[in-house]
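Student: model this:
(2 chains)
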Amino acid sequence: MKNILIIALKLAVICLVAAGVLGFVNGVTAPQIAASKAQAELNALSVINKTGTIGDRVEGDGEGVNYYFPVSDNGKVTNYIMSLKSMGYGGDLIILGNFKTNGEIIDAKLMEDAETPGLGKKAENAAYMTKFHGTGSDKPVPVKKTMLDAADADAVTGATITFTGVSKALEYGSNFAKKLGGQQ
Amino acid sequence: MIKEFTKGLFKENPIFVIALGLCPTLATSTMVINALGMGAGVIFVLVCSNIFISLLKNFIPDNVRIPAYIVVIASFVTIVQMVMEAYAPSLYAALGVFVPLIVVNCIILGRAEAFANKNKVLPSILDGLGMGVGFTLALTLIALIREVLGSGTITLPGCVITVPVISIAPMRVIAFPAGALLVLGLLKAFFQYKADRK
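Tutor: Down below sits the predicted model:
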């Protein structure tokens, strides 16, 4: 009995020390991580938005949309940039999408993911998103591989779950933009 | 003493000879830069965990040594993860899920169990360094072959070299997991052949 207590105590000491060290490292690195994420988002915003002025951040619906920025041109809202969340193969996906008020996708960028390098990770490339450009209003957002042309369907083979995650998020964002329909 | 370092490079190379840590090897050997980043992470974790496990070998009770090792290893991996995310975000983004998976890399637990808990600190450091460098060399070699044949490029920190001719029509299969198994198998066969001839 006494022996077991000593073993448990020793294990607890090791865990305590480890937790303390990790807490300290987290304290040092957390501000830096937050800063580099904010910087990455700022860079992405300027890449996917080419028109108008970006307004103040508005909180999302707590489901598929984390938050969004209305983009206006001469006081009139022309499009929305949204931070969308979805599930990929390796975990959560955070996607920044730019939608016209009629739901049409202008551009999108995958911001955060834990996908497999060489397969799902390819969704980080700007070229990956071109197959969604212009869809969402007249043309539906391609959410199945059969809705893509042969070359694009080949490109997502091996990472279908990533593709589904990205496309569902963009479809959700497109519908959300339609619902907002031009309001701030 | 120096033998503790050099054995990990060739004679007991963790990938080609001991065949440990194959999962991250197959997964992260798509690009040279990923291999180097993964290698650096593994060297750091391996050396640190070897130091601490060697120091704590008399403190850790024998019947709970595995959980104790895992706590030590996981702590260092988490440190690597946080530091990498803060100061090398692009590398962190590229390695993704394979950074936390260093915890379950068999090389690290294997060295803790087979070496660090029986030896003094200095030999343990050398063992960790040798195994880590051996892992990195093997990983980089596989990544170099896969990236050149599979994509026609060599991605190094800060620059991308495009290989002429191959980059026009690369062998895509080599970039996929099947290609990783193929390259690893052929290289292992080559090292086995070399070892047998001696």
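
Student: any idea how far B:Lys168 is from B:Ala19?
Tutor: Lys isn't right for residue B:168; it's Ile. 35 Å (C-beta to C-beta, to the nearest Å). Just so you know, the C-beta spots here come from the backbone N, C-alpha and C atoms, and that holds for glycine as well.

Student: So if I had to pick from these two, which one is more boxed in?
Tutor: Remark: of B:Ile168 and B:Ala19, B:Ala19 carries more neighbours, 13 against 9, as counted by other C-beta atoms under 10 Å in any protein chain shown.

Student: so the more buried one, which of the three states?
Tutor: When classified by DSSP: H, G, I helix; E, B strand; the rest coil, B:Ala19 comes out as coil.

Student: what about the longest helix in the chain?
Tutor: You didn't say which chain, so I picked chain A. Scanning chain A for the helix with the most residues, using DSSP state H, yields helix A:2-48.

Student: my question was about chain B
Tutor: Across chain B, the helix with the greatest residue count (assigned by DSSP H) is helix B:121-150.

Student: For the helix or strand following that one, which residues meet the burial criterion?
Tutor: Downstream of helix B:121-150, the next assigned helix or strand under DSSP states H and E is strand B:153-156. Residues of strand B:153-156 classed as buried by neighbour count (16 or more other C-beta atoms under 10 Å in any protein chain shown): B:Thr153, B:Ile154, B:Thr155.

Student: what angle sits between the biggest strand by length in chain A and helix A:2-48?
Tutor: Identified as the longest strand of chain A according to DSSP state E is strand A:76-87. Strand A:76-87 and helix A:2-48 are oriented at 150 degrees to each other (axes from the mean of the first three to the mean of the last three C-alpha atoms, to 10 degrees).

Student: as a whole number, average confidence for strand A:76-87?
Tutor: The average pLDDT for strand A:76-87 rounds to 90.

Student: If you count neighbours, what's buried in the helix or strand bottoming out on mean pLDDT in chain B?
Tutor: Sorting the helices and strands of chain B by mean pLDDT, DSSP states H and E puts helix B:89-95 at the bottom, at a mean of 77. Across helix B:89-95, burial judged by 16+ other C-beta under 10 Å covers B:Pro89, B:Leu91, B:Tyr92, B:Ala93, B:Ala94, B:Leu95.

Student: What helices and strands are in contact with the following helix or strand past it?
Tutor: Using DSSP H and E, the helix or strand that follows helix B:89-95 in sequence is helix B:106-111. Identification of packing neighbours for helix B:106-111 by 3 or more C-beta pairs under 8 Å, 6 or more residues apart in numbering or on different chains; DSSP states H and E yields helix B:32-55, helix B:65-87, helix B:121-150.

Student: want to throw those helices into JSON lines with mean neighbour count and mean pLDDT?
Tutor: Below are the helices and strands packed on helix B:106-111 laid out as JSON lines (neighbours: other C-beta atoms under 10 Å in any protein chain shown; pLDDT from 0 to 100):
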{"stretch": "helix B:32-55", "mean neighbour count": "23", "mean pLDDT": "91"}
{"stretch": "helix B:65-87", "mean neighbour count": "20", "mean pLDDT": "91"}
{"stretch": "helix B:121-150", "mean neighbour count": "22", "mean pLDDT": "93"}
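
Student: Can you add distance to A:Glu63 and give the ones you listed back as JSON lines?
Tutor: Shown next, in JSON lines, are these (distance: least, C-beta to C-beta, whole Å):
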{"stretch": "helix B:32-55", "distance to A:Glu63": "34"}
{"stretch": "helix B:65-87", "distance to A:Glu63": "27"}
{"stretch": "helix B:121-150", "distance to A:Glu63": "39"}
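
Student: got CSV for the ones you listed, with distance to chain A too?
Tutor: Formatted as CSV, the helices and strands packed on helix B:106-111 follow (distance: least, C-beta to the nearest C-beta, whole Å):
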stretch, distance to chain A
helix B:32-55, 6
helix B:65-87, 4
helix B:121-150, 9
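
Student: Indicate which one of the ones you listed is closest to A:Ile6.
Tutor: Among the helices and strands packed on helix B:106-111, the nearest to A:Ile6 by C-beta to C-beta is helix B:65-87 (13.2 Å).
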